[in-house]
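S.K.: Dropping the sequence and predicted coords here.
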Amino acid sequence: MSALAVTCAVLVVLPLALVLVHLLREGFGAINLDFFTQLPKPVGEVGGGMANAIVGTFVLLGIALLVGVPIGLLGGVFLSEYGDERLNFWIRFGADILNGVPSIVWGMAAYALVVIPTKTFSAWAGGLALGFIMIPLVLRTTEEVLVLVPNAYREAALALGLPRWKIITHIVLRSALKGIVTGVLLALGRVAGETAPLLFTAFGNRFWSHQLSEPIAAL
């Protein structure tokens, strides 16, 4: 039975291994300086690169950070340090539901909020869609990390007469900073590979995007 289990595991992993070998063998030769510095060539022409998509991805992630991190961070602080048990339960419940929402639904939401009113695809719309996806992830991660900070830290600060907002910003958040940064990076990794939301929002662009109100390319 052990041999049978090992054989089944190998058979399951083998197609993935073959795909990875094929990608490395066929794709490694295409990685050169032009790939990182040039724009895509028209269909049928050899060469070109993905410079605009690389820059576009960083632009979209920057907008997503501006949208998702502040709201998620403040929400996590509220759940950990304020609120009552019933309200916190419903906020957690809502965040967990939003974590399970398909990414394309977030893309359609940003399409309705930004693309339709402005009548154009844009980096703003794409970044907003990715920011929406980040909010529940950052919120739940921040709360879990803040809960791990010992209550003795808070009690000692209260005994010294510090106001609550200083306790949170200077003691609780600093103690949990590494965990919060880790949660933000995980959320970024989650949204960096999204495709469906960007089809409805950023749309894509074969050239450089000079304004955030224009369609933008992404990896």
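M.R.: Ah, there it is.

S.K.: and the helix or strand Phe58 falls within, what's its mean pLDDT?
M.R.: Using DSSP states H and E, Phe58 maps to helix 51-81. Averaged over helix 51-81, pLDDT sits at 93.

S.K.: Name the next helix or strand following that helix along the chain.
M.R.: helix 85-99.

S.K.: tell me the angle the helix holding Phe58 makes with helix 85-99.
M.R.: Compare the direction of helix 51-81 with that of helix 85-99 by axes from the mean of the first three to the mean of the last three CA atoms, to 10 degrees and you get 160 degrees.

S.K.: what packs against helix 51-81?
M.R.: helix 33-37, helix 85-99, helix 123-147, helix 177-192 (3 or more CB pairs under 8 Å, 6 or more residues apart in numbering; DSSP states H and E). No exception for glycine: its C-beta is placed from N, CA and C like everyone else's.

S.K.: Glu143 contacts Tyr82, correct?
M.R.: No. Using CB atoms under 8 Å, Glu143 makes no contact with Tyr82, being 11.3 Å away.

S.K.: quick one, which of those two is more surrounded?
M.R.: Glu143 (22 against 11; other CB atoms under 10 Å).

S.K.: residues in contact with that one?
M.R.: By CB atoms under 8 Å, 6 or more residues apart in numbering, the contact set of Glu143 is Gly75, Gly76, Leu79, Ser80, Arg92.

S.K.: contacting residues for Leu66?
M.R.: Gly127, Gly131.

S.K.: What's the separation between it and Ala202?
M.R.: According to CB to CB, to the nearest Å, Leu66 and Ala202 sit 16 Å apart.

S.K.: How about Ile216?
M.R.: 5 Å.

S.K.: Then Pro15?
M.R.: 32 Å.

S.K.: Can I get the helix or strand of the chain with the lowest mean pLDDT in PDB, CA atoms only?
M.R.: When the helices and strands of the chain are compared on mean pLDDT, DSSP states H and E, helix 33-37 comes out lowest with a mean of 86. Provided in PDB are the C-alpha atoms of helix 33-37 (Å, rounded to 0.1, in the frame of the first residue of the first chain):
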ATOM      1  CA  LEU A  33      17.800  42.400 -21.600                       C
ATOM      2  CA  ASP A  34      15.300  43.300 -24.300                       C
ATOM      3  CA  PHE A  35      12.600  41.400 -22.300                       C
ATOM      4  CA  PHE A  36      12.900  43.900 -19.400                       C
ATOM      5  CA  THR A  37      13.600  47.100 -21.400                       C
END
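
S.K.: helices or strands next to that helix in the packing?
M.R.: Under the contact criterion of 3+ CB pairs under 8 Å, 6+ apart, helix 33-37 touches helix 51-81.

S.K.: Mind checking which of Pro15 and Ala202 has more residues around it?
M.R.: More neighbours surround Ala202 than the other of Pro15 and Ala202, with 31 against 9 (other CB under 10 Å).
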